[in-house]
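# I'd like to go over a predicted model; first the sequence, then the structure.
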Amino acid sequence: MPDAAAKIEIACTVNGEPRRFRAWPMERLLDVLRRELALTGTKEGCGEGECGACSVLLDGALVNSCLLPVAQVAGCEIRTIEGLADNSEQLAAIQDAFIACGGAQCGICTPGMILAAYSLLERHPQPTDAEIRADLSGNLCRCTGYTKIFESVVRACQSRSAAP
Amino acid sequence: MPRKEGREKVTGRARYTDDLTFPDLLYGVTVRSEVPRGRIRKIEFGPGIPWDEFTVVTARNIPGENCVFLIEHDQPLLADAVVNHPEEAIVLLAHPDPYLLEEARRAVRIQIEPLPAIFTLEDSLSRKQVIWGVDNVFKTYDVHKGDVDAAFARADCVIVEAEYRTGAQEQLYIEPNAMIAVANPHDGVTVWGSLQCPFYVHKALVAMFGLPVEKIRVVQAETGGGFGGKEEYPSMIAGHAALLAWKSGRPVKIVYDRAEDMAATTKRHPSRTRHRTAVTRDGKLVAMDIDFALDGGAYATLSSVVLSRGTLHAAGPYFCPNVRIQSRVVATNAPPHGAFRGFGAPQSIFALERHMDRVAQAVGLSPQEFRRRNFISQGHTLATGQVIREAVDMARLLDRALRESDYAAKRQRFALENPTQRLKKGIGFATFFHGAGFTGSGETTLASIVEAEATPAGRVRILTANTEMGQGTNTIFGQIAADALGIDYDQIEIAQPDTAAVPNSGPTVASRTAMVVGKLVETAALGLKHELTSAGFLAADYSSDDFARACSRFIEARGPLRSRSQYQTPPGLHWDDATYSGDAYRAYAWAAYVAEVTVDTATFETHVDEFVAVQEVGKVIHPVLAAGQIEGGIAQGIGFALTENVVWQNGRMANGQMTNYIMPTSADLPRIRVFFEETPYEFGPGGAKGIGELPLDGAAPAILNAIENALNISLREIPATADRLMEAFEKADAAKSTEPARPRA
């Protein structure tokens, strides 16, 4: 079991909803999201912070949930892929763009990649090609060669700026 | 056409194996050998673990055969008396608490008396130790055309010889292997998993459990990449999960972590190719003598077939009257090497396309002019004697690739600028082909079946065993069926690959899904239409809604509406396994790739700056997906060429982490520009040929040819890591300083 004697109670906000659960303090946020909260959209690719498949937004910042002891998220706001779209009918612009441009192939890096792209567009609504490349370089994709992912990001900026 | 399962994937709702849960689920782990070869003496279960809570499985608990059924039946599901490679599975454990399970795994001590082991191709070929069969050789092939020895005796030829090597490469799908099993003597065995070939797993489980075929069911869950890495190995994991489930009576989930996946599962075969080529002084190929060797690892697995494809691609898309290809794959005490996109062809094509540049140099021709003089064309024969029936125009592909990449101007500019620069630039290319579908008579033997059925709501369901793992199977099958029937794409459903529900349409490998199975989808879909029209439910002219109504009315009046198609060999194809001659592949994709690189002569890091990929793959079914296949394959090829270095220590991968096994990130890759020339292929759906593996073949030789252009050194081994490049550069520099200065070619 994870290194700590007893489970503790942790309260945080997940996808806009207040949540309370008991967990080992050193348990990985990734495992708690997947096992305790049944939010399986967050994926494990490497378990060592290299691939970014487990990316989530923690108080708006992109983090690897496989490296984060859950004790550290007490009082924080967490957003996972399940919380990105307003509802299942209306996808976020970046999600639509991934479908339209072929940004998702096998789909396993996609939740993390979409959150990384979303986070980039929040900080830089009109990123340059170099900014896109640099910003997404913490999220590995083995299928696409990234070209279709860059196209997805560009399309999302266009549709975001065209939106009323 | 949007990807069929795209919405699920972008919202995180797609369910991969590790996302599935079952009541009373146990987790399973594998205890593995730490030595490369030896006799198992004792298995001890250490103190401090409540062992009575655990399900423990060893070879003795296997109800059927202790063997992973594939081609040879040499690989055990669990090692019993001996181990033949590091990480070989010996004991399985299951427990509800994954944390306690990991502690237990570490508490198992396996005493193994070591036996001498071998780790290199050379040691295996020289039989330093015989570790497999009588001579370590899994398989050999001999391809002969013309009279090679007589040709080499000709006085008017230049002879060029060299040796080339490629390293192992990890598939590195981002979803590690995963499997869930439910198994008991009453219901049989059902597994859900991340896998490419449901019927391979099915066949293996039948033998492992000694059960009738209908008692075994294999279901593919959403699969997070495969690239060949989930072709054969999932049979092993399915067997392990099923054994634990069988013994415990509870569902068992085995999910490999990244380190285990990299250490224990298959990789691309390391290779050594020796070329000896006779060429006339004006640059016509006279004879090619090719010796191709692969390191297969400890068990036969798919090595014979990988060797076959590598052998059949070794002489490339060139016409040469005299060819001899002798090949073999041999055993070493490493985990078995296996399927990886390209399947032997990237290895032999790397060697050939590096060598073609070398031969061009030897006769004083530019690489492009030398190739133009030797390209295969319609009516010519390949090394196997296969007559090329299609209208192939390699020179046109090459010219377009050179034009799109501004090759000539760049070659000139780099030659002027490089001598004074620390950052040296180079541009190079490769021209190549890739055969689609199973080799020789393979497709005829497979005799794949596809079904289409109409639903009462008037939709069409396509039933195949071919898996979606990112490449777009669901989408193109939907598109092919919709086009064949002239109805909306959204009216087509794709059944989940489940051996209890779908026919065996063969494995999802060998660039066969679009061309071979896609054609069966087209035929099966047309069968529905034929049934409806001939029974008078559908007029000649109809809308999507008419079609749906006709299906509903048919089912109401007559019951189920189904159609089935089975593979038919196109006319005029012949293959002889005994002489390894004839039509090796039904169709080939043809390509010319250009890479532009910068090498930093302080750090010896290579960056690929531009990449142009021109190919002819028949008619393109889905331009976005097709380009995605090419771009993704090239990205893997760039890794293969430069950074993906498996470091071996006594048969074990020493850098089995994403931190130190370096695949390309978004910051490392160039803009990849993809161009298609479309020549319809008569026997493919809508004129399509296979595409998936092609891009892996051309990237590495194009990049190494570009590096040679940048540094004027001839590296013949990949990956071209910084240290390898530095060593070669310094060696060349030292040699140059002892020679008088001469102008650069």
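Here it is on my side, so go on.

# The helix ranked longest in chain A close to chain B?
If you go by DSSP state H, chain A has its longest helix at helix A:147-162. Yes. Helix A:147-162 reaches chain B (Cβ under 8 Å from any Cβ of the partner chain) through A:T147, A:K148, A:I149, A:F150. C-beta coordinates here come from the backbone N, C-alpha and C atoms, glycine included.

# show me what contacts the first one?
Looking back up the chat, that one is A:T147. Contacts here follow Cβ atoms under 8 Å, 6 or more residues apart in numbering or on different chains; on that basis A:T147 touches B:A627, B:E631, B:L669, B:R671, B:I672.

# change it to 10 Å
A:T147 is in contact with A:101-103, B:611, B:627-628, B:630-632, B:634-635, B:666, B:669-674, counting by Cβ atoms under 10 Å, 6 or more residues apart in numbering or on different chains.

# Then the third one?
A:I149 sits next to A:97-98, A:101-105, A:109-110, A:113-114, A:116-117, A:132-133, A:136, A:139, A:141, A:143, B:631, B:666 when contact means Cβ under 10 Å, 6+ apart.

# For A:A71, which non-adjacent residue is spatially closest?
A:P25 (3.7 Å; Cβ to Cβ, 6 or more residues apart in numbering or on different chains).

# My error: substitute B:E404 in the last question.
Nearest residue to B:E404 in three dimensions, chain neighbours excluded: B:V612, at 4.7 Å (Cβ to Cβ, 6+ apart).

# The closest residue to chain B within chain A: helix or strand, and which one exactly?
Using Cβ to the nearest Cβ, the closest approach of chain A to chain B is made by A:G41 at 2.1 Å. A:G41 belongs to no helix or strand when assigned by DSSP states H and E.

# Please tell me I have it right and it contacts A:G83.
Yes. Using Cβ atoms under 10 Å, A:G41 makes contact with A:G83 at a distance of 9.2 Å.

# mind listing the helices in chain A by residue range?
Here chain A has its helices, by DSSP H, at A:29-31, A:93-101, A:110-123, A:129-135, A:147-162.

# any chance of these in CSV, with mean pLDDT too?
As requested, those are exported to CSV (pLDDT from 0 to 100):
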stretch, mean pLDDT
helix A:29-31, 98
helix A:93-101, 97
helix A:110-123, 98
helix A:129-135, 97
helix A:147-162, 92
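
# of all those, which lies closest to B:A430?
Across the helices of chain A, B:A430 has its closest neighbour in helix A:147-162 (19.9 Å, Cβ to Cβ).

# ok, and for the closest one, which residues are buried?
For helix A:147-162, the neighbour count (16 or more other Cβ atoms under 10 Å in any protein chain shown) marks A:T147, A:K148, A:I149, A:F150, A:E151, A:S152, A:V153, A:V154, A:R155, A:A156, A:C157 as buried.

# Would you check the distance separating that helix from the middle of the chain?
Distance, stretch centre to chain centre, for helix A:147-162: 18 Å (Cα atoms, centre = their mean, to the nearest Å).

# tell me the angle of that helix relative to helix A:93-101?
In terms of direction (axes from the mean of the first three to the mean of the last three Cα atoms, to 10 degrees), helix A:147-162 departs from helix A:93-101 by 130 degrees.

# Next, the angle from helix A:147-162 to helix A:110-123.
Interaxial angle, helix A:147-162 versus helix A:110-123 (the same axes, to 10 degrees): 40 degrees.

# and A:E89, how many neighbours?
6 (other Cβ atoms under 10 Å in any protein chain shown).

# Enumerate every residue touching it.
If a contact means Cβ under 10 Å, 6+ apart, then A:E89 has no contacts.

# host element of whichever residue of the stretch 451-600 of chain B sits closest to chain A?
Residue nearest to chain A within the stretch 451-600 of chain B: B:G470 (2.9 Å; Cβ to the nearest Cβ). Assigned by DSSP H and E, B:G470 falls within no helix or strand.

# go on, B:V614?
Applying DSSP H and E as the criterion places B:V614 in strand B:606-616.

# roughly how far is the helix or strand immediately after that strand in the chain from the heart of the chain?
Scanning forward in sequence from strand B:606-616 by DSSP H and E, the next helix or strand is helix B:623-642. Computed by Cα atoms, centre = their mean, the separation of helix B:623-642 from the middle of its chain amounts to 13 Å.

# how much does helix B:623-642 deviate in direction from strand B:606-616?
With the same axes, to 10 degrees applied, the angle from helix B:623-642 to strand B:606-616 works out at 140 degrees.

# Please see if helix B:623-642 touches chain A.
Yes. Between helix B:623-642 and chain A, judged by Cβ under 10 Å from any Cβ of the partner chain, the touching residues are B:623-639.

# Sort out which of these are buried, if you could.
Buried subset of these (neighbour count, 16+ other Cβ under 10 Å): B:624-639.

# Next, give me the two most distant ones among those.
B:V624 and B:G639 (22.9 Å).

# so where do the helices sit in the stretch 51-200 of chain B?
B:98-107, B:121-125, B:148-152, B:198-209 (DSSP state H, counting those that start in this stretch).

# Phi and psi next, for B:A238.
Phi and psi for B:A238, reported as degrees, to the nearest 10, are phi -60, psi -40.

# what about it, neighbour count?
Using other Cβ under 10 Å, B:A238 has 31 neighbouring residues.

# Hmm, B:V206 and it touching each other?
No. Counting by Cβ under 10 Å, B:A238 stays clear of B:V206, with 11.4 Å between them.
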